[in-house]
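# Sequence first, then the predicted structure:
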Amino acid sequence: MTRRCALVCVLTALLVAGCVSNRQRPAQIVVASADSPEQLVLGKMTVLTLKAAGHAVTDRTGLGTPWMVRAALEAGNIDIWWEYTGDTWASHLGHDQPISDPGELYERVRREDAQNDITWLPAAPCQRTLVLLMREADAQERGIASISDLLHHMAWVEPRLSLCAPEELYGAVSGIRGLERFYGLRFDGGQVHLMPMHEGYQALRQGECDCALGFSTDGEIVSSNLRSLEDDRHFFQASNLSVAVRTPVLRESPDLAATLGQIAELLTQRAVIELDRQVAIDAQKPEAVARQFLIRNGVIVRWPGTKNQ
C-alpha cells in the first residue's frame, strides 16, 4: 500500500511539473511578410527584434502576396505583419472611397480592424503613395512634370502612350481607373500591359512602356532615372506604414507594443527607401540588411542566439 501511494505521488508530481513546464514555455509568435523587398526587410527586422527581446518566433517572411498574408492574419495563422493603411483600407477591407488625410485613414482602419481582432499599433513616420512614372529623359523631352501635363500631352500630341501596371491596381478605384476618371485621362486598353510592379519598373527602363505605376518608397525609382510625375490634383492617397498584431497575442504579450514601437519610430520614408534599395538594387540579403539597420540604431546590441559582438 505504501509503495502504491509512493508511486501515485511520483506520477502526480511529474504530471504537475509537466503542466507547469508547459505553462511556462513561451508561446510562438508567428511573424509574416509578403515577398517584396521592403516587406522581406521589415519581416526580418521584426523577427530579429523579437528574438533579441526573448520571444519565441516562427519566421513566415516571404509568405506570398499581400492578399495571402492578410488572409492568414485574419484566419489566425500568423500574428504580426507590417502593411500600409491605404492598402488595407482599399484592398483588404474593400472600401472604394479613398481617404485623403493619413491620420483619419489610420484611425478608420484601426477602428474597423478591431472588430477582426486585429490591433494596429502607432504608425511609423513613413508615408507612401502610388505614383505615375516616366523615364526622366522622356519626361524632360516632352515637357511633362505632372499628371496634368501628361493629360495635355496625350490629348494633343501622343494619345497612345503605353502603361505598365499591376492587374490588381489597374481596375481599382484608388488605382489607374480612378486616376483616369479623376483627371480625365485615358490609356488605350491595347496599350496597357499588366504585370507585377517591379517588372513594370524594368519594362519602363527598357522602353517597353511609356508610363508605369509605382510606389513612392520603392528604391528602384530613385536608382533608375525614373521621374515621379507630380500628382498636382492630389488624387493618390497617402498612407502610413504600421504594424498589425492579432489582438489576443497582444493581450498575452503586452510588451510587444513597446518592442515593435522601437522599430516603427525609425522607419522614416528615407530609411524605408534605403532599405528597399539595398535589397532590390544592391541584391543584399534582407536579413543582413535588417540586422545591420537594427544594430546601427541600437535596437539590438548583439546577434540573436550568440554572445555579444
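Yep, that arrived.
# Confirm for me that R110 is in contact with I118.
No: counting by Cβ atoms under 8 Å, R110 does not reach I118; the two are 9.0 Å apart. Just so you know, the C-beta spots here come from the backbone N, C-alpha and C atoms, and that holds for glycine as well.
# L133 - that's part of a helix, no?
No: under DSSP: H, G, I helix; E, B strand; the rest coil, L133 sits outside any helix and is assigned strand.
# Can you report how many residues lie near it?
For L133, the neighbour count with other Cβ atoms under 10 Å is 26.
# Strands of the stretch 1-150 of the chain, start to end?
Here the stretch 1-150 of the chain has its strands, by DSSP state E, counting those that start in this stretch, at 28-34, 56-64, 80-84, 118-120, 127-128, 130-135.
# what's the most buried one of these?
Between these, strand 80-84 has the highest mean count of neighbours, a mean of 26, where neighbours are mean count of other Cβ atoms under 10 Å.
# Off-centre distance for that one?
Offset of strand 80-84 from its chain centre (Cα atoms, centre = their mean, to the nearest Å): 5 Å.
# sorry, back to before: can you redo the strands of the stretch 1-150 of the chain as TSV, where the extra columns are distance to F182?
TSV is the format used below for these (distance: least, Cβ to Cβ, whole Å):
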stretch	distance to F182
strand 28-34	27
strand 56-64	31
strand 80-84	20
strand 118-120	28
strand 127-128	19
strand 130-135	12
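# Give the residues shared as contacts by R110 and I118.
Counting by Cβ atoms under 8 Å, 6 or more residues apart in numbering, R110 and I118 have no contacts in common.
# L226 and V41, how far apart?
21 Å (Cβ to Cβ, to the nearest Å).
# who's more crowded, the two?
Remark: of L226 and V41, V41 carries more neighbours, 27 against 21, as counted by other Cβ under 10 Å.
# quick one, what contacts the more buried one?
By Cβ under 8 Å, 6+ apart, the residues touching V41 are L275, D276, Q278, V279, P286, V289, A290, F293.
# For the fourth one, pull up the helix or strand it's in.
With secondary structure defined by DSSP states H and E, V279 is part of helix 269-280.
# Put the alpha carbons of that helix into PDB.
What follows is helix 269-280, C-alpha atoms only, in PDB (Å, rounded to 0.1, in the frame of the first residue of the first chain):
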ATOM      1  CA  GLN A 269      10.400  57.400 -45.600                       C
ATOM      2  CA  ARG A 270      14.100  57.900 -46.300                       C
ATOM      3  CA  ALA A 271      15.000  54.900 -44.200                       C
ATOM      4  CA  VAL A 272      12.500  52.700 -45.900                       C
ATOM      5  CA  ILE A 273      13.600  53.800 -49.400                       C
ATOM      6  CA  GLU A 274      17.200  53.000 -48.500                       C
ATOM      7  CA  LEU A 275      16.300  49.600 -47.000                       C
ATOM      8  CA  ASP A 276      14.300  48.700 -50.200                       C
ATOM      9  CA  ARG A 277      17.200  49.900 -52.400                       C
ATOM     10  CA  GLN A 278      19.800  47.700 -50.700                       C
ATOM     11  CA  VAL A 279      17.700  44.600 -51.400                       C
ATOM     12  CA  ALA A 280      16.100  45.400 -54.700                       C
END
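# per-residue confidence averaged over it?
Rounded to a whole number, the mean pLDDT of helix 269-280 is 94.
# cool, stretch 30-39 as well?
96.
# try stretch 244-253
The pLDDT scores in stretch 244-253 average 97.
# In that stretch, which residues are buried?
For stretch 244-253, the buried set under the neighbour-count rule, 16 or more other Cβ atoms under 10 Å, comprises A244, V245, R246, V249, L250, S253.
# which residues does the third one contact?
The reference is to R246. When contacts are counted by Cβ under 8 Å, 6+ apart, R246 touches L73, G76, I78, D79, I80, D117, I118, T119.
# follow-up on the earlier one: export the buried residues of stretch 244-253 to TSV and append columns for distance to T46 and secondary structure.
Output for the buried residues of stretch 244-253, formatted as TSV (distance: Cβ to Cβ, whole Å; DSSP: H, G, I helix; E, B strand; the rest coil):
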residue	distance to T46	secondary structure
A244	11	strand
V245	10	strand
R246	14	strand
V249	13	helix
L250	14	helix
S253	13	coil
